[in-house]
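K.L.:
For reference, the sequence and a predicted model appear below.
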Amino acid sequence: MLFLIILILSFVSSYFLPWWMVAIVAFLAAFIIGKTPGRSFWSGFAAIFIVWTMLALFKSIPNNNMLASRVVQLFPIPHKWVFLLVVTAAIGGLVGGMGALSGVLLKRAFGK
Amino acid sequence: MKFIKAFISIAITAILIWALNTKFGATPPIGTFLNPSTGFWQNAESKHSAVTENLELPGLLGKVIIRYDEHRIPHIFAENDHDLYYAQGYITAHDRLWEMDIQTRSASGRLSEIIGPKALEIDRYHRRMGMVYGAENTLRGIMKNPVAKMMVTAYTEGVNSYVHSLVPKDYPIEFKLLDYAPEDWKPINCAFLLKLMSETLAGGSDQFGMTNDLKRYGAKEVNDLFPDYPYFEDPIIPVGTKWDFKPLPTPKPSASFLAEMTENIKPKEIMEGIGSNNWAISGSKSATGYPILANDPHLNLTFPSIWYQVQLSSPTVNVNGVSLPGAPCIVIGYNQNISWGVTNVDADVLDWYQVKFKDKTKNEYWYNNQWNKVKKRVEVIGVRGRKPVIDTVLYTHHGPVVYEDETKKPKNGRENIPVGVALRWIAHDESDDLMCFYLLNRGKNYTDYRKALTYYTAPAQNFVFASSDKDIAITPNGKFPLKFKDQGKFILDGSDTANDWHGWIPADENPTVKNPPRGFVSSANQSSTDPTYPYYINWRFEQYYRGKRINDKLGAMQNATVDSMRVMQMDNYSILAQDVLPTMLKYLDPSKMDNDQLKAFDIVKKWDKHYAANSIGASIFNRWWGKFYDTLWYANFHIQGISMKSPSYDRTEKLLLTEPNSKWFDDIDTPVKENAADIVNRAFNSTIDVMVQKHGEPGEKWQWGHIKETFIDHLANLQGFGTGDFSAGGTGGVIDALRNNNGPSWRMVVQMGPTVKGYGVFPGGESGNPGSFYYRDMFQTWKDGKLNELLFLKSADESSDRIKSTLTLSGK
């Protein structure tokens, strides 16, 4: 449930809010309906990981992944565009996961 | 406890977001750059693009129709000139905004604002060279002319209309990488672009090197080694052309004064071998009976390219060709009646004057037998993440006193040394160069061409011309200072009025030739004229090799077609090798050679003197000649800490061919006395040793295309955004002057006639966006030595199956 809510909200908000709002979205969602720290973190991580993967692919597939194939060469990772996609999604996932974890930990601190 | 846990988690999240949003050194803010909603993924362009699009833009007076062909070259049709240049600005910004930004930043000394202290030295150099001062003067000239003012203002409006339409996710990828935002375009940026061209093509100086040579070797040796006219030459204006004007009196040389050496100024050295080719043949030599014109300017090859192809049409003009992103008009191109192209003249329009200051306050300097006030110009250089740097530059009536940097200014007791050198440079003068292109774009005939050229100041160019009414012409053209012979070959005494520039060569007395009997005109940066021309332009020009080859080929050519011209642009025959190789081979003794040397000797003996990609002879000769040249001059003209100029290839050829026992061949480090044969042999042996060591036995790995590193990089040297190394023929000194990342930046051939047909290509693509399918779509065509047939529409509604999409702009 938490996973789905973060997924939908972050997907929608990405079109008009700064990128780091995914952390706030995950934080609020976990604060309200989060259960355990572990599950919250992974819900946040997975949701943003998937959302960012999808958003990146929306742009990259019609581009034949040409830009990503060039940009990946600027990074110290294997020069295949897919690795750049994974790094992108993982960074988003980490931010989302930390947001959700923070949300559920704060909720617990308030004893809810 | 629970609160602490929650707090730690929130803190880590906040720090994580902060770190991902912050630029560390050269690393872009990772989160900002990678996130898919505003980061670089947004720059990926789709292969499915709209076929028709309509936009409303503020400030347009009428409707503008832009038709894009298969290379996404825009063909702009406007109802008036204001809208035409507005649209040119808008469309160019759409494709090349970052290039426009970084080039004008570089010219204006504002790189540190975005890059930080690393760029401070280069910014300071540009400020101290007076680039901003020059651009301000140029802008004043532009704004005085209502037409030029209209163009620049409309172009600026157009660029800004595009800039204002952007939100961060739309920024070109380089802005995201360097983490800054596009700013408004200003009219002065158009002037900066012209200054940048002056810096590239007329911003070098060898006066310091020459002055040091003079101090070391004296006038007799220097005059012998650095003659004012080359041994081999084939000048642009054919030998024997009559000058049909009564020249102004030549100024008297000043009482000779050798200026003191000033160690702390290091201007850019003149780059040997940069240049370009252009030519035009008359109808008598072409298959159609109408002239054909060709041009290939050699410049640094980059992504995005320095050129942007565009067709510009309004009720007053219909012209096709290439523009410089950041300036209105077509710079090289053609219309229904005329075509034109340019190569660099290499005129001496940059001189250094030693300044004698009254005291260490440097408020006054000695000139014309009295103390004169020094003007001070404060340059404020913004530096990212730091306080702005304030730099005060001193100006005499000549121009800025350029120091390499603040720290190298004399200090602690040496402050009293009254040295410093002021720069007199054509790029500082008020000018109105854009008007030249405005008129050429609309030119109908030879008279219009001649009139247009009078508006052009710098960097001086050889303007080649051909018209549909069957005229051809060439004019080394620009504003040339009136000088005594060799004025500016060495540093000048700035206190002597006789050393000032003495006015200008009248524009209509610039060297020119129309319809010469030989049936063609050409230029390849060699001497403008033979020594009979009554004025002094420079003592040195580019070597004659390319010019000679072009003239040989064109002289023999009959029934020429566009394809003959295309093939000629790819020609890589070496005149240098033709001149010197027989003599160099003569000095070698095969009986003393080992196996590898014999093999190499055999190859280079049979070599056809073409620098083809698969040629092994070219690789051997190239290194051999280079080694010979270095062995000959290095010891005498490279002294630690002193800038010196080595004699030219031309002078070296003369030495080899006619003075084999010259003292210069003697290696001072050996007891024996060497001659030309010794040095040629030593150079050969060393060449083969090094090549065997690097590439094994003579064989495939020795091919010129492998040995010569040829590549095209992104302007910011971003890995993956350029081509990487590729195998290609050509070198400096042959027509296809491609070497490393410098060479033919645009190749164009235009067949004149009742229906003009243009062909052209540049190594790259129209879009500056590496996420675009038009980023490098023309590179392969260029590399293969082919040309695209240029689409030149008569009207906006002319149908063509090459038109892929249409953009309509209208006022808001």
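P.N.:
That came through, no problem.

K.L.:
Local confidence estimate at the residue nearest to B:Asn21 when sequence neighbours are not counted?
P.N.:
Distance criterion CB to CB, 6 or more residues apart in numbering or on different chains; nearest residue to B:Asn21, sequence neighbours excluded, is B:Pro29 at 5.1 Å. C-beta here means a position set from N, CA and C on the backbone, and glycine is covered the same way. You'll see B:Pro29 listed with a pLDDT of 95.

K.L.:
Next, count neighbours for B:Pro29.
P.N.:
Using other CB atoms under 10 Å in any protein chain shown, B:Pro29 has 19 other residues around it.

K.L.:
now do B:Trp425
P.N.:
B:Trp425: 26 neighbours (other CB under 10 Å).

K.L.:
contacting residues around it?
P.N.:
By CB atoms under 8 Å, 6 or more residues apart in numbering or on different chains, the residues touching B:Trp425 are B:129-130, B:134, B:198, B:203, B:349-351, B:399.

K.L.:
what does A:Ala30 give?
P.N.:
A:Ala30 makes contact with A:2, A:6, A:40, A:43-44, A:99-104, A:107 under the criterion CB under 8 Å, 6+ apart.

K.L.:
Quick check: the two most widely separated of the residues you listed?
P.N.:
A:Ile6 and A:Lys107 (14.8 Å; CB to CB).

K.L.:
Looking at the two, which is more packed in?
P.N.:
Using other CB under 10 Å as the criterion, A:Ile6 and A:Lys107 rank with A:Ile6 on top: 32 against 20.

K.L.:
Correct me if wrong, but that one is in a helix.
P.N.:
Yes: assessed with DSSP: H, G, I helix; E, B strand; the rest coil, A:Ile6 lies in a helix.

K.L.:
Assess the claim that it and A:Leu28 are in contact.
P.N.:
No: the pair A:Ile6 / A:Leu28 is not scored as a contact, 9.3 Å apart, by CB atoms under 8 Å.

K.L.:
Which residue, other than its chain neighbours, is closest to the residue of chain A at minimum distance from chain B?
P.N.:
Per CB to the nearest CB, A:Gln73 is where chain A lies closest to chain B, at 2.9 Å. Sequence neighbours aside, B:Gly720 is the residue nearest to A:Gln73 in space, at 2.9 Å (criterion: CB to CB, 6+ apart).

K.L.:
give the contact list for the one you found.
P.N.:
B:Gly720 is in contact with A:69-74, A:79, counting by CB under 8 Å, 6+ apart.

K.L.:
how about the residues of chain B near chain A?
P.N.:
By the rule CB under 8 Å from any CB of the partner chain, the part of chain B lying against chain A is B:2-3, B:5-6, B:9-10, B:12-13, B:16-17, B:20-21, B:30-32, B:34-48, B:173, B:177, B:718-721, B:770-771, B:773.

K.L.:
Now list the buried members of the residues you listed.
P.N.:
Applying 16 or more other CB atoms under 10 Å in any protein chain shown to the residues of chain B next to chain A, the neighbour count classes B:5-6, B:9-10, B:13, B:16-17, B:20-21, B:30-32, B:34-45, B:173, B:177, B:718, B:721, B:770-771, B:773 as buried.

K.L.:
what about the residue nearest to A:Gln73, distance to A:Ser69?
P.N.:
Per CB to CB, to the nearest Å, B:Gly720 is found 8 Å from A:Ser69.

K.L.:
anything in contact with each of these two?
P.N.:
Among the neighbours of B:Gly720, those also in contact with A:Ser69 (CB under 8 Å, 6+ apart) are A:His79.

K.L.:
So in chain A, which helix runs the longest?
P.N.:
For chain A, the helix with the greatest residue count under DSSP state H is helix A:81-109.

K.L.:
Which positions within the helix or strand harbouring B:Ala219 qualify as buried?
P.N.:
For B:Ala219, the element it lies in under DSSP states H and E is helix B:207-225. Neighbour counts over helix B:207-225 (16+ other CB under 10 Å) mark B:207-215, B:217, B:222, B:225 as buried.

K.L.:
what's the closest of those residues to B:Leu301?
P.N.:
Of all these, the one sitting nearest B:Leu301 is B:Gly209; the distance, using CB to CB, is 27.4 Å.

K.L.:
host element of the closest residue to B:Pro117 other than its chain neighbours?
P.N.:
Excluding its sequence neighbours, the residue lying closest to B:Pro117 (CB to CB, 6+ apart) is B:Val383, at 5.7 Å. According to DSSP H and E, B:Val383 maps onto no helix or strand at all.

K.L.:
same question, B:Asp391
P.N.:
Using DSSP H and E, B:Asp391 sits in strand B:389-395.

K.L.:
So which elements touch that strand?
P.N.:
Helices and strands touching strand B:389-395, by 3 or more CB pairs under 8 Å, 6 or more residues apart in numbering or on different chains; DSSP states H and E, are helix B:120-128, strand B:375-381.

K.L.:
per-residue confidence for residue 79?
P.N.:
As the question left the chain open, I've gone with chain A. 94.

K.L.:
Let me rephrase: I mean chain B.
P.N.:
For B:Glu79, the predicted pLDDT is 98.

K.L.:
Let me know how buried it is, in neighbour terms.
P.N.:
Per other CB under 10 Å, the neighbour tally for B:Glu79 reads 16.

K.L.:
give me the low-pLDDT residue ranges for chain A?
P.N.:
Within chain A, the ranges that satisfy pLDDT under 70 run A:112.

K.L.:
Run through the residues that contact the residue nearest the centre of it.
P.N.:
Centroid check for chain A by CA atoms, centre = their mean gives A:Ile48 as the closest residue, at 2.1 Å. A:Ile48 makes contacts with A:6, A:10, A:22, A:26, A:89, A:92-93, A:95-97, as judged by CB under 8 Å, 6+ apart.

K.L.:
Need the CA coordinates for the host helix or strand of it. CSV is fine.
P.N.:
Using DSSP H and E, A:Ile48 sits in helix A:37-60. What follows is helix A:37-60, C-alpha atoms only, in CSV (Å, rounded to 0.1, in the frame of the first residue of the first chain):
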residue,chain,number,x,y,z
PRO,A,37,11.2,0.9,9.3
GLY,A,38,12.5,-1.9,7.0
ARG,A,39,9.3,-2.2,5.0
SER,A,40,9.0,1.6,4.7
PHE,A,41,12.5,2.0,3.5
TRP,A,42,12.1,-0.6,0.8
SER,A,43,8.7,0.6,-0.2
GLY,A,44,10.1,4.1,-0.7
PHE,A,45,13.2,2.8,-2.4
ALA,A,46,11.3,0.5,-4.8
ALA,A,47,8.6,3.1,-5.6
ILE,A,48,11.1,5.8,-6.6
PHE,A,49,13.4,3.4,-8.3
ILE,A,50,10.5,2.3,-10.5
VAL,A,51,9.2,5.8,-11.1
TRP,A,52,12.6,7.2,-12.1
THR,A,53,13.3,4.2,-14.3
MET,A,54,10.0,4.8,-16.1
LEU,A,55,10.4,8.5,-16.4
ALA,A,56,14.0,8.1,-17.8
LEU,A,57,12.8,5.4,-20.2
PHE,A,58,10.0,7.6,-21.5
LYS,A,59,12.6,10.0,-22.7
SER,A,60,15.4,7.6,-23.6
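
K.L.:
May I have the phi/psi pair for residue 3?
P.N.:
If you meant another chain, say so; for now it's chain A. Phi and psi for A:Phe3, reported as degrees, to the nearest 10, are phi -50, psi -50.

K.L.:
Please consider this matter closed, and thank you.
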